[in-house]
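Enquirer: A structural model of the following input is requested.
(one chain, ligands or ions: 1)
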Amino acid sequence: MTAPTIAAGSKSLADELGLPLIKYTQRAGKPLFDMVLERQDGRLQLRDLRENAPGPIHVDFLDDAAAWRRETTGKRDMLARAVGIKQGVERPLVLDATAGLGRDAFTLCWLGCRVIAFERNFIVYKLLEDGVFRAFESDDEAGDAVRRRLVVGRADAREYLAGLAPDARPDVVYLDPMFPERKKTAAVKKEMQYLQALLGEEEDAAALFEAALKFARKRVFVKRPLHAPPLAAAKPSNVHEGKSVRFDVYVIAPH
Ligand SMILES: C[S@@+](CC[C@H](N)C(=O)[O-])C[C@H]1O[C@@H](n2cnc3c(N)ncnc32)[C@H](O)[C@@H]1O
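Expert: Residues are numbered from 1 along each chain as shown. Take a look at the predicted model:
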């Protein structure tokens with residue numbers, strides 16, 4: 001049997017994240033860790049080693065899922081309405097303050113918005129960054145959109161907003177904070193299962209919302225499960241409902 005090799009770049013990634021670099025994931029048939037970050041087929045993926053865990057996740061804006069999203073996004077799309085896209089009006093500059101795996105950020109960018117997306121969890125951010133780097137290298141249309149209009153950064157968006165110069169304020173701030181799942185149903189997508197296992201519940205979404213309302217020029221919008229109460233019990237200006245989620249929109253009075 002040949003010993004597994006360590007993919008190029010793994011040492012610097014492990015150093016950057018302060019994580020151990022390992023060659024083997026199991027000993028005597030038992031996983032040594034709950035999760036590992038690994039390079040597979042030229043991409044970075046996160047794999048849960050525990051029993052009954054879903055398969056690995058990675059970020060790929062160019063794969064089938066992203067292609068499907070591109071084909072189904074349009075002016076009538078909920079996200080387009082929630083962000084305030086209007087015919088003949090310049091697309092807004094959007095701060096995605098909870099970037100996660102970048103799906104919504106990518107869709108907004110695909111819709112023509114300029115997007116700055118922040119993710120504070122280092123592991124989630126590394127998956128996102130890897131997806132962005134691979135999109136950069138592609139000459140696909142989606143790669144072009146990412147190169148032109150999507151910037152990702154690792155930071156707490158609250159700190160970023162607090163340090164912004166007045167003329168750098170985004171038109172729109174988008175929030176999709178983690179929401180505690182009541183049960184583990186098959187409907188909970190594997191990406192969300194990973195995020196839940198990695199991040200648990202977030203306590204500070206209300207504070208992020210407050211900062212968003214203070215610094216957005218035109219609007220803040222928040223993704224919520226369809227029947228959940230509004231974030232921080234704040235009554236939205238309008239609501240766009242889908243099958244399982246809704247977007248609560250808060251229009252900012254000029255200030
Ligand atoms: C539900 S996920 C977002 C999913 C994302 N909309 C997508 O399309 O992939 C929420 C993410 O927001 C991140 N997050 C929460 N609060 C944050 C903050 N203050 N600054 C930056 N990231 C934050 C969490 O680490 C988590 O990865």
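Enquirer: shaky segments in the stretch 101-250 of the chain?
Expert: The stretch 101-250 of the chain contains residues with pLDDT under 70 at 181-188.
Enquirer: near the ligand, which residues of it are found?
Expert: Proximity of the stretch 101-250 of the chain to the ligand (C-beta under 6 Å from any ligand atom) is limited to residues 101-104, 118-121, 124, 156-158, 176-178, 195, 199, 202, 208. Any C-beta I mention is one placed from the backbone N, CA and C, and that applies to glycine too.
Enquirer: which of these fall within strands?
Expert: Cross-referencing those against strands under DSSP state E gives 118-119.
Enquirer: would you show me how to pick out the buried ones of the residues of the stretch 101-250 of the chain next to the ligand in PyMOL?
Expert: Of these, the buried ones can be selected in PyMOL as follows, counting by 16 or more other C-beta atoms under 10 Å:
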select buried, resi 101+102+103+104+118+119+120+124+157+158+176+177+178+195+208
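Enquirer: which of the residues of the stretch 101-250 of the chain next to the ligand fall in helices?
Expert: Here DSSP state H is the test, and these give 103-104, 124, 157-158, 195, 199, 208 as lying in helices.
Enquirer: would you confirm that residue 7 contacts residue 38?
Expert: Yes: using C-beta atoms under 8 Å, residue 7 makes contact with residue 38 at a distance of 7.4 Å.
Enquirer: who's more crowded, the two?
Expert: More crowded of residue 7 and residue 38, by other C-beta atoms under 10 Å: residue 38, with 18 against 13.
Enquirer: in the chain, which residue sits nearest the ligand?
Expert: Here the chain gets closest to the ligand at one residue, residue 100, 2.6 Å apart by C-beta to the nearest ligand atom.
Enquirer: list the contacts for that residue?
Expert: 119, 124, 128, 176, 195 (C-beta atoms under 8 Å, 6 or more residues apart in numbering).
Enquirer: now residue 209
Expert: Contacts of residue 209 by C-beta under 8 Å, 6+ apart are 175, 220, 222, 231-232, 234.
Enquirer: now residue 114
Expert: For residue 114, counting by C-beta under 8 Å, 6+ apart, the contacting residues are 91-94, 149.
Enquirer: beta-bridge partners for it, please?
Expert: residue 93 (DSSP bridges).
Enquirer: on that earlier part again, of the contacts of residue 114, which is the most crowded?
Expert: If you rank these by neighbour count (other C-beta under 10 Å), residue 94 sits at the top with 27 neighbours.
Enquirer: how much space separates that residue from residue 113?
Expert: Residue 94 is 5 Å from residue 113, where distance means C-beta to C-beta, to the nearest Å.
Enquirer: setting aside sequence neighbours, what's the nearest residue to residue 77?
Expert: The shortest distance from residue 77 to any non-neighbouring residue, by C-beta to C-beta, 6 or more residues apart in numbering, is to residue 111 (7.4 Å).
Enquirer: report how many residues lie close to the one you found.
Expert: Counted with other C-beta under 10 Å, residue 111 comes out at 21.
Enquirer: these two touch, right, it and residue 80?
Expert: Yes: the pair residue 111 and residue 80 passes the contact test of C-beta under 8 Å, sitting 5.3 Å apart.
Enquirer: got a list of what residue 21 touches?
Expert: Per C-beta under 8 Å, 6+ apart, neighbours of residue 21: 6, 10-11, 14.
Enquirer: could you do residue 54 as well?
Expert: 48, 190, 193-194.
Enquirer: can you flag the buried ones in those residues?
Expert: For the contacts of residue 54, buried by 16+ other C-beta under 10 Å: 48, 193-194.
Enquirer: contact partners for residue 225?
Expert: 179, 244-246 are the contacts of residue 225 under C-beta under 8 Å, 6+ apart.
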